[in-house]
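Colleague: Provide a 3D model corresponding to the input given below.
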Amino acid sequence: MRPRQTAAIAAITCFACALASCSLGGVNPDNAAALDAIAHGQSGTEVTVDGPVVRVLSTHSGAQGVHEQFIVAVRANSAEQDVLVADNISIGRAAPVHQGDDVTVRGELAIDPGGPVIHWTHHDPRGRHQSGFVRLGGVLYD
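Modeller: Presented below is the predicted three-dimensional model:
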């Protein structure tokens, strides 16, 4: 490969990485930090994780709206934790997730008796919470 071609490929790669970062709102997944927050019972912590969807659950309607629910395997080093994602689709768009899909999720961690949950995975119309999202196939659902 000629030096000019190598430089062009490097520039395109750099641009693609920057674009991916922008599409996540400048926030990169940090599974290790999320697993640490779970281990220390830190409800209310904003987390960004990525991993495969291991199970899609039924949609749940409640006082806070309609939520799509799915479980993501969050892995870092040798640690792994299944985390429930409760995405309020009364506020944000539903992400068409399927078992085996790789997703990135940003939201607020809650430590519930049944296990860890990430919620507020959408914008907050009242501006009380940081905006969250579900990213699937390069598309942000917020």
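Colleague: partner residues bridging the spatially most central residue of the chain?
Modeller: For the chain, the residue sitting closest to the mean C-alpha position, by Cα atoms, centre = their mean, is residue 105 at 0.5 Å. Beta-bridge partners of residue 105, counted by DSSP bridges, are residue 49, residue 134.
Colleague: how about it, what does it touch?
Modeller: Counting by Cβ atoms under 8 Å, 6 or more residues apart in numbering, residue 105 touches 48, 49, 50, 72, 85, 118, 121, 132, 133, 134, 135. C-beta here means a position set from N, CA and C on the backbone, and glycine is covered the same way.
Colleague: any idea of the mean pLDDT in stretch 90-97?
Modeller: Across stretch 90-97, pLDDT averages out at 93.
Colleague: Next, the buried residues of that stretch.
Modeller: If you call a residue buried by 16 or more other Cβ atoms under 10 Å, then stretch 90-97 has these buried ones: 91, 92, 95, 97.
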